[in-house]
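K.L.:
curious how this folds, go ahead:
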Amino acid sequence: MDKVQFQLEATLPELKDLYEKGLFTKSEINQITKKRTAFETSLVRRVTRKEDFFKYAEYEINLERLRKVRYKKLNYHLNPPPPSASSFSLPRRALYILKRATAKFPGDLATWLAYVEFASREGMRKVVGKGLNSALQHHPTSSTLYLLQTYYHLHPGSPFPRESIPSTSKLDLPSASSSTNQAPGFAIEGIDPARTTLLLGLRLLPQSRDLWREYVKLELGWVEALRRRWKLLGIKDQNQDAPSQVEGEDVQKDQDALRGGEGAFGEEGEEARKSILAGELVIHALSSALESIPSTCSITEEEKLDGMGFRENLIQLFRNYPSPLRLKCLNVLYEDLQSVSEQSDNSRMAAKAGLLLLNKGLYDREYNPEDRPSKEGESVLDGVELVEELGKIGKEIRKSIKGKGQNKDWIEVVGLWLIEQIGKLEDKIEVREYLSSILSSLTKPSLLPPSSLLIAHLSYFSSSPNLDIARSYALIYPSNPSIQLYRLTAEVQLSTDANQTCKTCEEVVRAVTKSGLSEEEGEDVRSIWKLWIDKELQNPDGNLEERWKVILRESMKLGVHVRDLHGDVLGYYIINTLKSGEEVNGVLNKIKSYQPTFNTFNLVFTSLQDNNVQPDDLKKIYNAWRGFCKTPYEKAQAALAYAQVLLGIKGKGKEAYDVIEVTKREVRVDEGVEKYLEAGWKMLVDAETEGDSGDEDEEMSDE
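P.N.:
The predicted model follows:
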């Protein structure tokens, strides 16, 4: 406890100053001391947690916020007193606590991030620099730290952007929530240390997408900063009408792009100046990035972008970057994509590269300082230019089908892009029809288009199903659950022949209920069975009892392919039979010839909560349900479901309590299940109590 006492005695001057200035009362000072004692005690335990440091730091940060509010309320800001012990003690104490956390947990990256983030928010630039250097010594392979240090050099005095710090800690800094909308200041003199930082990071992390992207962006920004500075200062050649040219370079309509600083570096430096403004450093950095991260790179836990995603990200960066070197950088990327589309063994990757090359005319434009940045996926063309460019793309797609007719990846990638464009061009009906015709050529049965493309196309018509298209796609993939579900949904909405619709549902059910389905496909199969059941219930011409026998028999035979399918169908049967007025005993006797499961009765009770069922009948169903509970957890679930229904019936609260108590004794062998049961019962009682109080309030307001 000596350590605790030492830390508390160090706070006495600031507490005395806070009291003398009237910012805190004596009782509040005592409360602060008690809280700090508790926090300091938690930090000297045998097993210390980093959360204890974070909670302590948050308390100090909130205390400083309260001090500032009271400081302003007492009008100290109008006539500030000279700095005293409490003026900066609370932020420094919070920083000191986080510094102790980094010493205790040097291997935890989240602790270091919390430390440097708080220091940056408080404007402690030297602390940020030292903290980042220390953090890199313990985490030399963290790309986040290199990026933060780069930001530290390029934007001195600006707090770190919240989005650049991963949420790997539970510390929520109140000071970080008040972000400013002002753009951070930029220091061109920080480019050299920032470049050194990024190159060091790339030496240790040669395949970091974020570091390569920032390095390319840094070199491009440096060239643009030099060009604009020289242009603004008027450092140009005497001959204004003859801008210097670099062989083979295409500078987009900015005559000063290569002329900035001309003649200011002597004959020896002239070639270097031309090379810098021509973007040779940028192109070298970009080529190195593409070489280090080939298109075949896959997504990892650390890197969220694969090789193609990295290239798409760079393309979007260059398309909006305000520099005359924009198109030159894009051309380097397009050359790389061209080689990927022609030489890659991965057809999916080649298709993505081919699409980026195909639609580049819609998004690329020459640099114009007055242009506003375009959104990702937004075309820079309009009117006749847009129509002409889409016409060229359409011709290329139709032409490519002949050469790539068997390449399903190409058809899928291009088809999904067309669907996206059709959705964006809602106000251009003729253009949409043209793109739809191109899409139709990709979805011909002879091409065997991938099912994912057909599903995406059908999803586009989800608000107003297209029955003809759904039927044609269903013929291509008769056993695909997703396509057949869209087809049946359209049949139910648009067809007028109930008998034919029921027959179609039965045929589809037999076709799609098979083994080897994914979880998503299994859910679609369940939805198809539910559609069939609902349609049979609405059919006035059929013998419902006989049709139920067919449905249950088919579910027993085919249900082995989809988990609990037969049990769910049997649950629907019990629900609808009880609604028709049949006695519970008769229904329970009928289902003995089938295979009820735990989910069967779970579904029944979930449905019966909103129906008027007699308490005695509920008890019979619950007792039957208990016979199918194989584990203590299932018994607890059944008891909670039954108790919830009983609580909704006036005067049955005691019976619900007894059900929970009986089940609690049965599941006592499993402590976890017992706690789950107690927590569930408490939630039910609390919900019922809130509902009762709400009803009383309504009655009082009515009076």
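K.L.:
from here on, just use CA atoms for contacts and neighbour counts.
P.N.:
Will do.
K.L.:
is residue 46 in a helix, a strand, or coil?
P.N.:
Here residue 46 is coil, with the state taken from DSSP: H, G, I helix; E, B strand; the rest coil.
K.L.:
name the helix or strand of the chain that has the lowest mean pLDDT.
P.N.:
Using mean pLDDT, DSSP states H and E, helix 174-177 stands out as the lowest-scoring helix or strand of the chain, at a mean of 44.
K.L.:
for the residue nearest the centre of the chain, helix, strand, or coil?
P.N.:
Nearest residue to the geometric centre of the chain (CA atoms, centre = their mean): residue 304, 11.7 Å. Per three-state DSSP, the local secondary structure of residue 304 is coil.
K.L.:
tell me the spacing between it and residue 61.
P.N.:
As for residue 304, its distance to residue 61 is 34 Å (criterion: CA to CA, to the nearest Å).
K.L.:
with residue 116 instead?
P.N.:
Taking CA to CA, one finds residue 116 at 15 Å from residue 61.
K.L.:
swap in residue 590?
P.N.:
For residue 590, the distance to residue 61 - CA to CA - is 67 Å.
K.L.:
between these two, tell me which one has more neighbours.
P.N.:
Using other CA atoms under 10 Å as the criterion, residue 590 and residue 61 rank with residue 61 on top: 22 against 11.
K.L.:
so where does the more buried one fall, helix or strand?
P.N.:
helix 50-73 (DSSP states H and E).
K.L.:
next, the buried residues of that helix.
P.N.:
For helix 50-73, a neighbour-count test (16 or more other CA atoms under 10 Å) marks 50, 52-54, 56-62, 64-65, 67-68, 71 as buried.
K.L.:
show me the contacts for residue 364.
P.N.:
Taking CA atoms under 8 Å, 6 or more residues apart in numbering as the contact definition, residue 364 lies against 319, 327, 380.
K.L.:
and for the first one, the neighbour number?
P.N.:
It refers to residue 319. For residue 319, using other CA under 10 Å, the count is 22.
K.L.:
before we move on, what about the second one?
P.N.:
When neighbours are counted by other CA under 10 Å, residue 327 registers 19.
K.L.:
next one: the last one
P.N.:
When neighbours are counted by other CA under 10 Å, residue 380 registers 15.
K.L.:
need the contact list for the nearest residue to it once chain neighbours are set aside.
P.N.:
Nearest non-adjacent residue to residue 380, counting by CA to CA, 6 or more residues apart in numbering: residue 363, 5.4 Å away. Residue 363 makes contacts with 319, 377, 378, 379, 380, 381, as judged by CA under 8 Å, 6+ apart.
K.L.:
where does the fifth one land in three-state SS?
P.N.:
Same thing as residue 380. The three-state assignment at residue 380 reads coil, by three-state DSSP.
K.L.:
buried ones in the helix or strand hosting residue 271?
P.N.:
Element membership for residue 271, per DSSP H and E: helix 266-277. By neighbour count on 16+ other CA under 10 Å, the buried set for helix 266-277 is 273, 274, 276, 277.
K.L.:
could you do stretch 613-621 as well?
P.N.:
618, 621.
K.L.:
domain ranges for this structure?
P.N.:
According to the TED database, the chain comprises the domains 1-171+186-194, 206-234+269-380, 629-691.
K.L.:
give the rounded mean pLDDT of the longest one.
P.N.:
Confidence over domain 1-171+186-194 (mean pLDDT, whole number) is 90.
K.L.:
next: the second one.
P.N.:
Taken as a whole, domain 206-234+269-380 has an average pLDDT of 90.
K.L.:
ditto for the last one
P.N.:
This predicted structure assigns domain 629-691 an average pLDDT of 88.
K.L.:
which helix or strand contains residue 656?
P.N.:
Per DSSP H and E, residue 656 falls inside helix 653-666.
K.L.:
elements contacting that helix?
P.N.:
Helices and strands touching helix 653-666, by 3 or more CA pairs under 8 Å, 6 or more residues apart in numbering; DSSP states H and E, are helix 632-647, helix 671-702.
K.L.:
and the ones you listed, which is most packed in?
P.N.:
Highest mean neighbour count of the helices and strands packed on helix 653-666: helix 632-647, a mean of 21 (counted as mean count of other CA atoms under 10 Å).
K.L.:
quick one on the thing from earlier: got a markdown table for the contacts of residue 364, with distance to residue 220 too?
P.N.:
Listed next are the contacts of residue 364 as a markdown table, based on distance: CA to CA, whole Å:
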| residue | distance to residue 220 |
| --- | --- |
| 319 | 13 |
| 327 | 12 |
| 380 | 22 |
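K.L.:
and residue 344, what does it touch?
P.N.:
residue 350 are the contacts of residue 344 under CA under 8 Å, 6+ apart.
K.L.:
quickly note the distance from it to residue 331.
P.N.:
Counting by CA to CA, the gap from residue 344 to residue 331 is 19 Å.
K.L.:
give me the contact list for the helix or strand encompassing residue 502.
P.N.:
Residue 502 is part of helix 498-512 when elements are defined by DSSP H and E. Defining contact as CA under 8 Å, 6+ apart, one finds that helix 498-512 is touched by 478-481, 484, 488, 491-492, 495, 525, 528-529, 531-532, 535-536, 539, 541-542, 558.
K.L.:
next SSE downstream of that helix?
P.N.:
Using DSSP H and E, the helix or strand that follows helix 498-512 in sequence is helix 519-538.
K.L.:
helix or strand right after that following helix?
P.N.:
helix 544-558.
K.L.:
show the average pLDDT along that following helix.
P.N.:
The model assigns helix 544-558 a mean pLDDT of 90.
K.L.:
and the next element down the chain from it?
P.N.:
The C-terminal neighbour of helix 544-558 among helices and strands, as given by DSSP H and E, is helix 565-579.
K.L.:
the next helix or strand along the chain from that next one packs against which elements?
P.N.:
Sequence order places helix 584-590 as the next helix or strand after helix 565-579, per DSSP H and E. Under the contact criterion of 3+ CA pairs under 8 Å, 6+ apart, helix 584-590 touches helix 565-579, helix 615-626.
K.L.:
out of these, which gets nearest to residue 126?
P.N.:
Taking CA to CA, helix 565-579 is the member of the helices and strands packed on helix 584-590 nearest to residue 126, at 64.6 Å.
K.L.:
who touches that closest one?
P.N.:
526, 529-530, 548, 552, 555-556, 559-560, 584, 587, 591, 595-601, 603-604, 607-608.
K.L.:
I appreciate the help and will end here.
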